[in-house]
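# Okay, sequence plus prediction incoming.
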Amino acid sequence: MEYIMNSAGTASPCIREYEIETEEDLFKGTAVTLNNGKVKKAENTDTVLGILAESYKVKKEELNPRSGSGRVRVIVSPGMIIAIANKVFEVSEKGTATQINVSGLELPAGADALKGGYIKLISKNETSTNTDHTGLAREIIASSGNTLTVKEGGTPCVGDVYAVIPPCGFDALALCDNGYDFDFANNPGTIAKVVSALPERDYFEICFKETFIH
């Protein structure tokens, strides 16, 4: 996760220092919460404090005075907007001119959960007969689980690689175990939602639904 700005348009993040309790090294951008007054890696059901402004090493390192200090800097900007890399997949089942079958990603089972989003062609298999050019984005006009109905275009072939770009308001997101990325989920989540997703980018933007500092 990468901080972009807050909801007021301020690009400079508000950073505060906290005590931390962790038995594992944590990377910059990890979502964190508070437990007994100390920072820990967040989970999907937690109220988020913010994201780490720096990586934290548990063991003391000679050239890293922040390591093993028991303190860490956290971006706590209210209404923070964060960039998440687009989710990509390789086609494993040939589609049609208006249908793409998503593989390797969990998508919401509910009807039209991804309607208004986009599918973008990232690369084509050497033997692909797909007539779309690399980088072309096509709007999703309906969805049912991992089957997407899109505006008419080239036929996706096995081995072609696409990115799924969710629509604004999409909230079927689950925090990954590493704490610094999100995956799509089967059901709406409680932790984050999409606030901006433009097909020309290689990322979409999210905000946390609830934070300690509003």
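Sure, I can see it.
# Please name the residues that touch E139.
For E139, the contacting residues are 116-118, 150-151, by C-beta atoms under 8 Å, 6 or more residues apart in numbering. No exception for glycine: its C-beta is placed from N, CA and C like everyone else's.
# Show me which strand runs longest in the protein.
In the chain, assigned by DSSP state E, the strand with the most residues is strand 137-144.
# Could you give me the buried positions within that strand?
Across strand 137-144, burial judged by 16 or more other C-beta atoms under 10 Å covers 137-138, 140-141, 143.
# Of the contacts of E139, which is the nearest to F182?
G117 (15.0 Å; C-beta to C-beta).
# Tell me who's in contact with that closest one.
139-140, 164-167, 170, 197.
# same thing but 10 Å
Neighbour list for G117: 137, 139-141, 143, 148, 150, 164-168, 170, 194, 197, 199, 204 [criterion: C-beta atoms under 10 Å, 6 or more residues apart in numbering].
# Among these, name the ones in strands.
Using DSSP E, these in strands are 137, 139-141, 143, 148, 150, 164-165, 194, 204.
# Could you dump the buried residues of strand 137-144 into a markdown table with distance to E24 added?
Formatted as a markdown table, the buried residues of strand 137-144 follow (distance: C-beta to C-beta, whole Å):
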| residue | distance to E24 |
| --- | --- |
| A137 | 38 |
| R138 | 41 |
| I140 | 37 |
| I141 | 43 |
| S143 | 36 |
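# could I get those residues as CSV with pLDDT?
As requested, those are exported to CSV (pLDDT from 0 to 100):
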residue, pLDDT
A137, 98
R138, 98
I140, 98
I141, 98
S143, 97
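# Going by distance to G37, which of those residues wins?
S143 (43.1 Å).
# Does the closest one touch Y118 like I think?
No. Contact criterion C-beta atoms under 10 Å: S143 and Y118 do not qualify, at 11.7 Å.
# Next, show the common contact partners of these two.
Joint contacts of S143 and Y118 (C-beta under 10 Å, 6+ apart) are 150, 164, 167.
# Might you report the residue contacts of the last one?
To tie it back to what came earlier, the one meant is P167. 112-118, 139-140, 143, 194, 197, 204.
# Could you do G135 as well?
Counting by C-beta under 10 Å, 6+ apart, G135 has contacts 120-123, 199-200.
# Looking at it now. What's its pLDDT?
G135 carries a pLDDT value of 97.
# Could you measure from it over to A163?
G135 is 10 Å from A163, where distance means C-beta to C-beta, to the nearest Å.
# Same check on A53?
28 Å.
# Likewise for A197?
Distance from A197 to A163, counting by C-beta to C-beta: 11 Å.
# Find residues that contact each of those two.
Between them, A197 and A163 share the contacting residues 86, 118, 203-204, judged by C-beta under 10 Å, 6+ apart.
# Which one (most neighbours) among those?
Ranked by neighbour count (other C-beta atoms under 10 Å), these have F204 at the top, with 27 neighbours.
# Show me the shaky parts of this structure.
Applying pLDDT under 70 to the chain flags no residue at all.
# Give the residue farthest from the middle of it.
The centre of the chain is farthest from one residue, E62, which by C-alpha atoms, centre = their mean lies 34.0 Å away.
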